[in-house]
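Student: Based on what follows, work out the 3D shape:
(one chain, ligands or ions: 2)
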Amino acid sequence: MKIFVTGHKNPDTDTISSAIAFANWMKEANNVDAEPIAQGEVNEETAFVLNYFNVKAPRIVTRATDEGVKNVILVDHNEFQQSIDDIEELTITGVVDHHRIANFQTADPLFYRAAPVGSAASIIARMYKEANITITKELAGLMLSALISDTLLLKSPTTHPTDHPIAKELAEIAGVDLETYGLEMLKAGTNLSSKTEAELIDLDAKTFPLNGKNVRVAQVNTVDIPEVMTRQEALEAAMVGSMNKDGYDDFVLIITDIVNSNSQLLAVGSHLDKVEAAFDVKLENHSAFLPGVVSRKKQVVPQLTESFA
Ligand code: MN
Ligand code: MN
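Tutor: Numbering: from 1, shown residues only. Ligands and ions are numbered 1, 2, ... in the order given. Here you go, the predicted model:
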């Protein structure tokens, strides 16, 4: 019986790499017919990674039931609104994740592995080692890239001490220099000039239900915050458009400087006071600088959750 392995909507490098690596793990460890799938087109950073290691992007499948598949494994997420469209109709047989667990329940027992580490892929790398399964050069490259992407080259506060030796080991297998390759890969994802504002705010965006409010939190990486901020007016218009179209109460955009590890916050919506309280800032023209903030998971969503509570 076939199982799909999927990451979240608006796929990032960790979601895609984890789906590929964990589908292979399921085959090797459990002899299961597992296929990695994606909930959308890969972004430019992920395209760089797949091209570098010569791996094909997973197929996009947004309804498993259309293909007669009933079982799904979730990687790099667990919240249903971030998952495959027909998630409510599927049996979740497993989860490998490194996010909060806030809105999750199943009817049946399942395999669930969660750890507060840098990437879902680095959990999967640990699982390869635990099961004594060989990590190929390609999979090492993918899992390494996922960890680099999620932790901005191991600098984010989400980085776990044990992620460092894992990165080193994966880099060796993949045959790349961690720092050189890492920066090249991250920069591949910062080419924002070719994108419309509507595309930018949807590149890496997630919806969080916070105390009955639907809050959209998007993040873009850059090496030049002021350059992105020259587009502030158009970005805000796109954020308002998305709020109206998709029914969000608030839209928060985090523009992250991947070199200096800071972010600029841009916010529109009905609860700007709560956004200000979350980060202890005063918004000026809908914006504020957030020194040292790079992680949505650890430095943005928990703060918003508390503020909206
Ligand atoms: Mn992710
Ligand atoms: Mn992740």
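Student: Show me how this structure divides into domains.
Tutor: Following automatic domain parsing, the chain resolves into domains at 2-188, 197-308.
Student: Which residue ranges of the chain form strands?
Tutor: Listed in chain order, the strands of the chain (DSSP state E) span 3-9, 34-39, 59-60, 71-75, 91-97, 111-114, 205-210, 213-222, 250-257, 262-269, 287-290.
Student: Among these, which comes closest to ligand 1?
Tutor: strand 3-9 (5.8 Å; CB to the ion). C-beta: built from backbone N, CA, C; applies to glycine.
Student: That closest one: partners in the sheet, and parallel or antiparallel?
Tutor: Using DSSP bridges, strand 3-9 pairs in its sheet with strand 34-39 (parallel), strand 71-75 (parallel).
Student: and the residue lying closest to Phe53 once chain neighbours are set aside, what is it in contact with?
Tutor: Counting by CB to CB, 6 or more residues apart in numbering, Phe53 lies nearest to Gly141, which is 3.9 Å off, once chain neighbours are set aside. By CB atoms under 8 Å, 6 or more residues apart in numbering, the residues touching Gly141 are 49, 52-53, 55, 170, 174, 176.
Student: ok, now how distant is the spatially closest residue to Ser307 that is not a sequence neighbour from Ala267?
Tutor: Excluding its sequence neighbours, the residue lying closest to Ser307 (CB to CB, 6+ apart) is Ala278, at 3.8 Å. Ala278 sits 10 Å away from Ala267, taking CB to CB, to the nearest Å as the criterion.
Student: quick one on the thing from earlier: identify whichever of the strands paired with strand 3-9 lies nearest to ligand 2.
Tutor: Among these, strand 71-75 sits nearest to ligand 2 (CB to the ion), with 8.6 Å.
Student: For ligand 2, tell me whether that closest one is touching it.
Tutor: No. Looking at strand 71-75 against ligand 2 by CB under 5 Å from the ion, there are no contacts, and the closest approach is 8.6 Å.
Student: which residues are contacting that strand?
Tutor: Contacts of strand 71-75 (CB under 8 Å, 6+ apart): 1-7, 15, 18-19, 22, 26, 34, 64, 83-84, 87, 90-97, 120, 124.
Student: Show residues contacting stretch 189-206.
Tutor: 8-10, 12-13, 43-46, 48, 82, 149, 216-223, 228, 231, 234-235, 237-239, 241-242, 251, 253, 258, 296.
Student: which of those are buried?
Tutor: 8-10, 12-13, 43, 45-46, 48, 82, 149, 216-222, 228, 231, 235, 238-239, 242, 251, 253, 258, 296 (16 or more other CB atoms under 10 Å).
Student: roughly how far out does stretch 215-230 sit from the chain middle?
Tutor: 16 Å (CA atoms, centre = their mean, to the nearest Å).
Student: Ok, stretch 37-48 next?
Tutor: Worked out by CA atoms, centre = their mean, stretch 37-48 lies 11 Å from the chain centre.
Student: Ok, stretch 204-222 next?
Tutor: Distance, centroid of stretch 204-222 to centroid of chain: 12 Å (CA atoms, centre = their mean).
Student: same question, stretch 254-272
Tutor: On CA atoms, centre = their mean, the centre of stretch 254-272 falls 16 Å from the chain's centre.
Student: Buried residues, it. List them.
Tutor: Those would be 254-259, 261-269, 271, for stretch 254-272 by 16+ other CB under 10 Å.
Student: How many residues are close by the residue lying closest to Ile87 once chain neighbours are set aside?
Tutor: Among residues not flanking Ile87 along the chain, Phe80 sits closest, at 5.0 Å (CB to CB, 6+ apart). Look at Phe80: counted by other CB atoms under 10 Å, it has 15 neighbours.
Student: ok, Phe80 touching Asp86?
Tutor: No. Using CB atoms under 8 Å, Phe80 is not in contact with Asp86; the gap is 10.5 Å.
Student: Pull the residues that contact stretch 24-31.
Tutor: Applying CB under 8 Å, 6+ apart, the contact partners of stretch 24-31 are 3, 5, 32-34, 73, 124, 127-128, 131, 133, 139.
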